[in-house]
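S.K.: I need the structure of the sequence given here:
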Amino acid sequence: MLQIGALRSTPWVLAPLAGYSDLPFRLLCRGHGAGLVVSEMISCHGLVYRQAATMAMLRTVPAERPVSFQLFGADPAIMAEAAAIIAEQPVDCIDINMGCPVKKVTRRGAGAALMANPDLAEAIISAVVGRVRLPVTVKIRSGPNGQQLNAVEFARMAEGAGAAALTVHGRNWAQGFAGNADRGVIAAVKKAVAIPVLGNGDITSLTEAREMIADTGCDGVMIGRAALGNPWVFQETGRPQNLAGIAAGAQQHLQLIEQFLPAARLLGLIKNHLCRYFRGLPGCATLRQQIFATTTLADLQTLLARLSRAASPPPPSR
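M.R.: Numbering: from 1, shown residues only. This is a model prediction of the structure:
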């Protein structure tokens, strides 16, 4: 059991995935076994300036709890103010992103760039912890680059600044998403701090998640890209072995999107999301073409229903 402050969940955690970890996807993964779900990263400036699109990212419902909302930014005062806005919502935790390697984030000094600026990172953590009563966690990488693997020192700093838990992605900032995650770094951080540590990177099944816990001693495992088009990654049985089961899962996802998002305005994004369900299947290129050929949500729903029916076995004869 993973425990972060008063928050308790199973050790399997949905990672914050920019553009993907919205309310429908979080609900879907919770329904398939994720113990804790984390929102996509949210701009502290967008919250403080009360931008409509950013404020809409705070929507939550009781069925997804426990839920953590992730903030990114590089200004301690603004980060603290944004955390206070999040704390007004019925959420269980606030996570600070200090691991995103994407240039539009790091060029502003946020995300993984903070791994190269531990003094500013410490000021941000302290400011956020001092402003809210919720547990505050921090997501980091192994370091700025292969020559500066400072995750252990950074983790000790974060713990001293009041962080309630850490997630360690086993790649450094310079790697981005290339190469392999280094579990040795996760193990070293776990040994160095007393707070819970979650491992992250290259996990595609619960079997691999358990192996990471065994290899590193970490308290939980965060699963990210492997959950895209595959919310079953949080289940023992994994992804369905037939098109009918996969199409039914995609249908459920689309229904949640229609329920909670302005779906008609997001058709292109939705198609991209749903295409991921059919990766690796025979004829997946044709399926992708059919999905992108639809022009309305109704057409997309009809296509998924047809795929599910066509792939289902016939009823037994009497």
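S.K.: how about the helix ranked longest in the chain: buried residues?
M.R.: For the chain, the helix with the greatest residue count under DSSP state H is helix 243-260. For helix 243-260, burial by neighbour count (16 or more other CB atoms under 10 Å) applies to 243-244, 246-254, 256-258, 260. For glycine as for every other residue, the C-beta is placed from the backbone atoms N, C-alpha and C.
S.K.: Ok, stretch 62-74 next?
M.R.: The neighbour-count criterion (16+ other CB under 10 Å) identifies Glu64, Arg65, Pro66, Val67, Ser68, Phe69, Gln70, Leu71, Phe72, Gly73, Ala74 as the buried residues of stretch 62-74.
S.K.: With stretch 299-315 instead?
M.R.: Going by 16+ other CB under 10 Å, stretch 299-315 has these buried residues: Leu300, Gln301, Leu303, Leu304, Leu307, Ser308.
S.K.: Quick check: what element follows the helix or strand harbouring Thr54 along the chain?
M.R.: Taking DSSP states H and E as the definition, Thr54 sits inside helix 52-56. Sequence-wise, the next helix or strand downstream of helix 52-56 (DSSP H and E) is strand 67-72.
S.K.: From the rest of the structure, what touches that next one?
M.R.: With CB atoms under 8 Å, 6 or more residues apart in numbering as the test, strand 67-72 has contacts from 16, 26, 36-44, 47, 58, 60, 79, 82-83, 86, 89, 91-97, 100, 105, 110-111, 128, 137, 139.
S.K.: Which of those residues fall in strands?
M.R.: Among the contacts of strand 67-72, DSSP state E puts Leu36, Val37, Val38, Ile42, Ser43, Cys93, Ile94, Asp95, Ile96, Asn97, Thr137, Lys139 in strands.
S.K.: Out of those residues, which is nearest to Ala285?
M.R.: The nearest member of the ones in strands among the contacts of strand 67-72 to Ala285, counting by CB to CB, is Val37 at 31.4 Å.
S.K.: what's the spacing between the closest one and Leu266?
M.R.: Computed as CB to CB, to the nearest Å, the Val37 to Leu266 distance reads 20 Å.
S.K.: quick one, which of these two is more surrounded?
M.R.: Between Val37 and Leu266, Val37 has the larger neighbour count (other CB atoms under 10 Å), namely 27 against 15.
S.K.: shaky segments in the protein?
M.R.: 311-318 (pLDDT under 70).
S.K.: Per the annotation, how does it divide into domains?
M.R.: With domains defined by automatic domain parsing, the chain comprises 2-234, 243-311.
S.K.: in the stretch 201-318 of the chain, which spans are helices?
M.R.: Assigned by DSSP state H, counting those that start in this stretch, the stretch 201-318 of the chain shows helices spanning 206-216, 243-260, 267-275, 284-293, 297-311.
S.K.: Throw those helices into a markdown table and include distance to Ala161, thanks.
M.R.: Formatted as a markdown table, the helices of the stretch 201-318 of the chain follow (distance: least, CB to CB, whole Å):
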| stretch | distance to Ala161 |
| --- | --- |
| helix 206-216 | 23 |
| helix 243-260 | 35 |
| helix 267-275 | 36 |
| helix 284-293 | 46 |
| helix 297-311 | 46 |
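S.K.: so which of the ones you listed comes closest to Phe154?
M.R.: helix 206-216 (16.7 Å).
S.K.: Just the buried residues of the closest one, please?
M.R.: Result for helix 206-216 [16+ other CB under 10 Å]: buried residues Leu206, Ala209, Met212, Ile213, Thr216.
S.K.: Indicate which one of the helices of the stretch 201-318 of the chain is closest to Pro144.
M.R.: helix 206-216 (21.3 Å).
S.K.: Please put the alpha-carbon coordinates of that closest one into CSV.
M.R.: The C-alpha trace of helix 206-216 is given here as CSV (Å, rounded to 0.1, in the frame of the first residue of the first chain):
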residue,chain,number,x,y,z
LEU,A,206,2.2,-4.8,-13.6
THR,A,207,4.8,-7.6,-13.9
GLU,A,208,7.4,-5.0,-14.8
ALA,A,209,6.2,-2.7,-12.1
ARG,A,210,6.7,-5.4,-9.5
GLU,A,211,10.2,-6.0,-10.9
MET,A,212,11.0,-2.3,-10.4
ILE,A,213,9.8,-2.4,-6.8
ALA,A,214,12.0,-5.5,-6.3
ASP,A,215,15.0,-4.0,-8.0
THR,A,216,14.9,-0.6,-6.3
